[in-house]
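Enquirer: Have a look at this prediction, sequence included:
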Amino acid sequence: MSTSGSVSKACFVFKPKAGKRKKKLNPADYFVNETGAKTEATRERYDTYQILWEDMNKDIDALQTDIHKKVFDDLVGYVGTTHPGFSLEEGTKQKVSSNEIPTAALVTGVNMPDHGMIFSNLTSLLQDNITPYVARLQAKDCSAMKNIMSKVIMQFMGNKDLLDDDDDEVQVKRISPTMPVLCGWYADAVKKSQSPNKSPSKKRKTSYGQYPPLVIVMEDLEGFPAQVLQDFIIICSQYLSRLPLVLVFGIATTVTAVHTLLPHSVSSLLCMEKFQAQPSTEYLSQVINKTLLTTKYPFKLGHRVFQLLLDMFLYHDFSVVNFIRGLQFVMLEHFFSDLGMLCCGAKLSASRVKAMNHRQLEAIRKSPSFRRHVELQKPQEQRDLLLNDKHTKEVFISLLKDLDSYHGMCYPIMHCLHALTSSLPRHPLGKQLRELYSLVLESNVWETQGYKDAFSLLRLMARDDLVSVLRQCVERLQAWTESDVSEVIMEVQTYMAQLASLGDGSQEEQEEEPDERPKERLSKTTKLHDLQNRLRESAKQKKKLTKYEVLRNKILDYLDEIFRTHLPSPTTLPLHEVYYYDRVSTLRKHMNAAPRAAIQTALSNPHFYLQDESLKSEDGTIPNTAPDVCIAYKLHLECGRLINLYDWLQAFVMLVHSGEENGADSSKQKKVDEVLQARFIRAVSELQFLGFIKPTKRKTDHVARLTWGGC
């Protein structure tokens with residue numbers, strides 16, 4: 001028996017007041033100093049953030065188009081060739097030999113939040129190149145056949161006024177949502193497009209075919225009701241002679257989901273072709289390379305923040321859109337602080353450093369990395385850095401230039417290290433570049449165990465394999481255009497030439513060495529003890545290395561020196577806080593929130609969020625000035641598993657009247673005020689909506705409590 005009914009059932013109408021509309025704040029109004037005032041420095045911080053994010057967002061949008069370009073081009077080409085001989089003319093009307101509907105199965109992956117962007121780009125491409133008639137359907141809007149037909153007809157006709165907004169379900173007001181209506185409209189649309197009297201101003205910018213197909217995109221196929229989907233496909237198959245229909249299925253799992261939803265009699269009506277979209281992990285890697293592993297944008301993520309965003313992506317939703325939103329939020333938080341004013345590149349930051357006042361300089365002097373830098377200096381230099389503002393500005397400019405130089409060499413060398421180690425067994429430094437980047441952010445990479453294991457494996461690598469990975473390193477470095485790494489490229493190419501010049505003679509020394517004293521060993525009859533001593537002595541003797549092994553060690557020693565020089569952790573550099581944001585608690589609070597804890601805090605201590613002094617109370621007390629839902633929540637904490645509604649109401653009324661005078665009439669106390677009763681019912685309904693109570697059939701005048709231990 002269901003117990004999911006509501007405690008109260010009513011309809012509440014809130015009419016807008018005919019007063020002044022609340023003024024919307026400009027985003028720049030939120031950038032203020034510690035006194036709440038807007039200054040030139042706060043305006044510069046906002047402008048820097050705005051310019052930086054707009055440029056970054058443009059690169060991300062371009063990447064979104066490029067990442068699915070191949071599969072979109074293939075799908076658009078497929079849709080354009082689905083109905084080659086279709087015609088509506090009576091004399092040349094082609095009889096459809098098969099009632100199979102052309103269907104494109106686009107496997108998008110489980111990253112559901114990204115699907116809206118994917119299908120939006122696909123719809124734009126179809127409308128620009130193939131047909132103006134594209135309808136997008138979502139499972140939440142298609143619970144019945146009437147809903148599907150209404151959505152399809154409305155989107156094909158491009159008339160939103162056909163919808164009745166007063167009803168919960170989608171309904172067409174002036175026409176019947178049926179296939180014959182759609183057939184008649186399509187025939188009229190084709191005639192109008194072919195009319196010679198059509199005005200030039202109304203001609204399309206894109207030349208479509210004589211009979212452009214009608215494309216129906218079902219974004220989340222697994223969510224559609226199976227029976228509704230079956231009926232819709234059967235109906236569409238009966239009208240292929242009058243409508244050039246094409247279906248596009250958005251599938252999050254595998255193509256077998258189609259056969260799970262549809263029986264064979266229905267799936268046989270589909271002429272289906274599969275298209276595989278790029279996985280979201282590949283998309284994420286390109287976003288990271290485009291936004292973080294570049295010198296174009298000075299803003300960077302600290303290790304803990306970067307790892308949290310990665311964990312949310314890998315273990316939560318695989319959504320790149322949510323990763324980008326987290327990146328934008330972190331950037332916004334960074335520019336709220338005084339350090340964000342200098343996160344603008346070396347050229348612009350130098351002029352801003354010179355214009356900084358004493359208070360702003362003190363804020364940067366308090367950064368942990370600069371304090372460590374001061375402690376390493378001589379006493380006189382320490383005094384100048386802490387007291388002499390002019391000298392401090394010069395040091396700031398120099399340190400920021402060092403940070404820019406570090407970024408210019410760090411990223412290409414990191415690509416080189418990844419090319420060198422990504423193919424090693426068990427991937428000691430990670431298979432993806434983002435894993436290596438996380439290690440570099442955390443600490444000095446050469447101090448990690450993975451780095452030591454990687455070089456141990458590299459020192460065992462054969463010549464052909466070593467030449468192959470060195471060639472990949474050179475290709476990565478040559479593709480880097482943001483800084484000059486020509487010296488490293490020339491050195492590695494020189495070593496590659498030396499490896500190529502080694503002939504078969506590189507193994508001769510190793511082959512001749514064991515045969516120096518063969519006669520002595522064979523001519524004497526030795527005891528076991530003497531043999532053991534000889535073996536120990538031979539083990540102590542160092543084996544003479546071959547020419548290849550000597551050259552291999554020389555190459556790896558050079559690369560190790562390069563990595564140690566250019567890949568220190570940014571946390572070891574002074575003033576890294578200017579570019580790197582690493583306050584992970586703030587990000588976790590907003591992006592990975594705990595709603596139950598926040599709700600219980602709001603209900604038990606409303607002053608925490610409302611900041612109203614009248615709501616302050618001691619532990620265990622319930623002020624009568626608190627919101628009704630807070631009073632009802634605290635009273636329900638004092639009850640057991642079942643709560644008597646009448647007793648709860650009486651306690652609520654008594655608590656609300658506790659602050660009033662005691663001269664109230666006793667007759668009024670027995671009869672509960674209707675306004676108070678309505679307030680109580682609303683508070684109980686809100687608690688039920690939040691999941692703290694539910695109705696129960698055991699006792700009609702009771703509700704069951706669902707949570708325990710929260711206060």
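Expert: It's in.
Enquirer: what's near enough to touch the residue nearest the centre of the chain?
Expert: By CA atoms, centre = their mean, the chain has its centre lying nearest to F323, at 2.2 Å. Going by CB atoms under 8 Å, 6 or more residues apart in numbering, F323 touches 284, 287, 309, 312-313. Yep, even glycine has a C-beta here, placed from its N, CA and C like the rest.
Enquirer: Of those residues, which belong to helices?
Expert: 284, 287, 309, 312 (DSSP state H).
Enquirer: Which strands or helices does the one helix or strand R383 maps to pack on?
Expert: Using DSSP states H and E, R383 sits within helix 379-387. Judged by 3 or more CB pairs under 8 Å, 6 or more residues apart in numbering; DSSP states H and E, helix 379-387 is in contact with helix 368-375, helix 389-421.
Enquirer: can you redo these as JSON lines with mean pLDDT?
Expert: Conversion of these to JSON lines gives the following (pLDDT from 0 to 100):
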{"stretch": "helix 368-375", "mean pLDDT": "94"}
{"stretch": "helix 389-421", "mean pLDDT": "94"}
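Enquirer: Including mean neighbour count and distance to K527, could these go into a markdown table?
Expert: As requested, the helices and strands packed on helix 379-387 are exported to a markdown table (neighbours: other CB atoms under 10 Å; distance: least, CB to CB, whole Å):
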| stretch | mean neighbour count | distance to K527 |
| --- | --- | --- |
| helix 368-375 | 15 | 65 |
| helix 389-421 | 19 | 49 |
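Enquirer: nearest to S438, of those helices?
Expert: helix 389-421 (11.2 Å; CB to CB).
Enquirer: just checking, next helix/strand downstream of the helix or strand encompassing K694?
Expert: Here K694 sits within strand 693-695, counting by DSSP H and E. Once the chain leaves strand 693-695, the next helix or strand it forms, by DSSP H and E, is strand 702-705.
Enquirer: which residues are in contact with that next one?
Expert: Against strand 702-705 from outside (CB under 8 Å, 6+ apart): 3, 7, 636, 639-645, 684, 688, 692-696, 698.
Enquirer: Going through these, which ones are buried?
Expert: Those of the contacts of strand 702-705 that meet the buried threshold are 636, 639, 643, 645, 684, 688, 692-696, by 16 or more other CB atoms under 10 Å.
Enquirer: In terms of distance to V469, which of the residues you listed ranks first?
Expert: F692 (60.1 Å).
Enquirer: List the contacts of that closest one.
Expert: Counted by CB under 8 Å, 6+ apart, F692 has contacts 633, 636, 705-707.
Enquirer: try it again with 7 Å
Expert: For F692, the contacting residues are 633, 636, 706-707, by CB atoms under 7 Å, 6 or more residues apart in numbering.
Enquirer: how far away is it from E100?
Expert: Going from F692 to E100 by CB to CB, to the nearest Å gives 54 Å.
Enquirer: contacting residues for S280?
Expert: S280 neighbours (CB under 7 Å, 6+ apart): 109, 111, 114, 318, 320.
Enquirer: Could you check how far the fourth one is from P113?
Expert: This means F318. Counting by CB to CB - F318 and P113 are separated by 9 Å.
Enquirer: hang on, the earlier thing: going by distance to L417, which of the buried ones among the contacts of strand 702-705 wins?
Expert: Scanning the buried ones among the contacts of strand 702-705 for proximity to L417, where the rule is CB to CB, the winner is F692, at 53.7 Å.
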